[in-house]
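Asker: show me the folded form of this:
(one chain, ligands or ions: 1)
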Amino acid sequence: MLSENLQVVKTNIVKALEEAPRKDKNVTLVAVGKTYDADVMRQALTAGQRVFGENRVQEAAGKWPELVEEYSDIELHLIGPLQTNKVKQALELFDVFQTIDRLKLAKSLAKELEKTPKDIRCFIQVNTGNEPQKAGILPDEADDFIKTCREDLNLPIVGLMCIPPVDEEAGLHFAYLKKIADRNGLNELSMGMSGDYEAAIGFGATHVRVGSAIFGKREYA
Ligand SMILES: *Cc1c(COP(=O)(O)O)cnc(C)c1O
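Answerer: As a prediction, this is how the structure comes out:
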């Protein structure tokens, strides 16, 4: 049952926070709804969930506008790659952009925001594993990129996001991301998914992106 799954995840978050060696006790649960339709999202809304993540603009555009009209306090996070030709559409839908991963995108977003201001928040995605196939700023380039986004482009950067390599100890990557955030004065850390959100909280996650632990296993078409 979705509402029970949600409750279990929330309880686990509270427990992980109690055990975590950190003073702040704030973690936002981003429920990742990709591949699940509007009816399933509605169940989560009924169960009280308001913060959701989607990784494709097209899919989000198909299911969220109607729900957002119904529930005015929904917060939508984009957690997947964003093409520059979809920036405008994404800005109509999303409140938080977690995957700022290259200069071209940052510039495009800044330009669009200048034309049509919107109160959004942004995370920079860092490719902590230096994986060639994976999106994200390389760790060595992160400091410069963060500076450019904030100072030259005036983007509302609040934190960093990462997706650790599947075959490595996630904790090393969570710790690494925190280190980069700390030295740049960024407070928010989006890290941890269904398999490792409790661990991520131990390393300072302020946002965990949890899909299958809430909605069940995904079937890809
Ligand atoms: C799908 C997805 C998640 C959620 O994954 P689960 O393992 O189902 O919790 C988190 N982050 C990103 C970027 C995703 O694409």
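
Asker: just how off-centre is stretch 156-163 within its chain?
Answerer: Averaging C-alpha coordinates over stretch 156-163 and over its chain gives two centres that are 8 Å apart (CA atoms, centre = their mean, to the nearest Å).

Asker: up against the ligand, what does this structure have?
Answerer: Applying CB under 6 Å from any ligand atom, one finds that the chain approaches the ligand through 32, 34, 55, 79-80, 163, 193-195, 209-213. The C-beta positions use only the backbone N, C-alpha and C, and glycine is treated the same way.

Asker: which stretches of the protein have low pLDDT?
Answerer: Filtered on pLDDT under 70, the chain yields the residue ranges 220-221.

Asker: C-alpha coordinates for the longest helix along it, PDB please?
Answerer: Assignment by DSSP state H gives helix 2-19 as the longest helix of the chain. Taking only C-alpha atoms (Å, rounded to 0.1, in the frame of the first residue of the first chain), the coordinates of helix 2-19 have been written out as PDB:
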ATOM      1  CA  LEU A   2       1.300   3.400  -1.000                       C
ATOM      2  CA  SER A   3       0.300   5.200   2.100                       C
ATOM      3  CA  GLU A   4       1.900   2.500   4.300                       C
ATOM      4  CA  ASN A   5       5.100   2.600   2.200                       C
ATOM      5  CA  LEU A   6       5.200   6.400   2.500                       C
ATOM      6  CA  GLN A   7       4.800   6.100   6.300                       C
ATOM      7  CA  VAL A   8       7.600   3.600   6.500                       C
ATOM      8  CA  VAL A   9       9.900   5.800   4.600                       C
ATOM      9  CA  LYS A  10       9.000   8.800   6.700                       C
ATOM     10  CA  THR A  11       9.600   6.800   9.900                       C
ATOM     11  CA  ASN A  12      13.000   5.600   8.600                       C
ATOM     12  CA  ILE A  13      14.000   9.200   7.800                       C
ATOM     13  CA  VAL A  14      13.200  10.300  11.400                       C
ATOM     14  CA  LYS A  15      15.200   7.400  12.700                       C
ATOM     15  CA  ALA A  16      18.100   8.100  10.500                       C
ATOM     16  CA  LEU A  17      18.100  11.700  11.500                       C
ATOM     17  CA  GLU A  18      18.100  10.800  15.200                       C
ATOM     18  CA  GLU A  19      21.100   8.600  14.700                       C
END
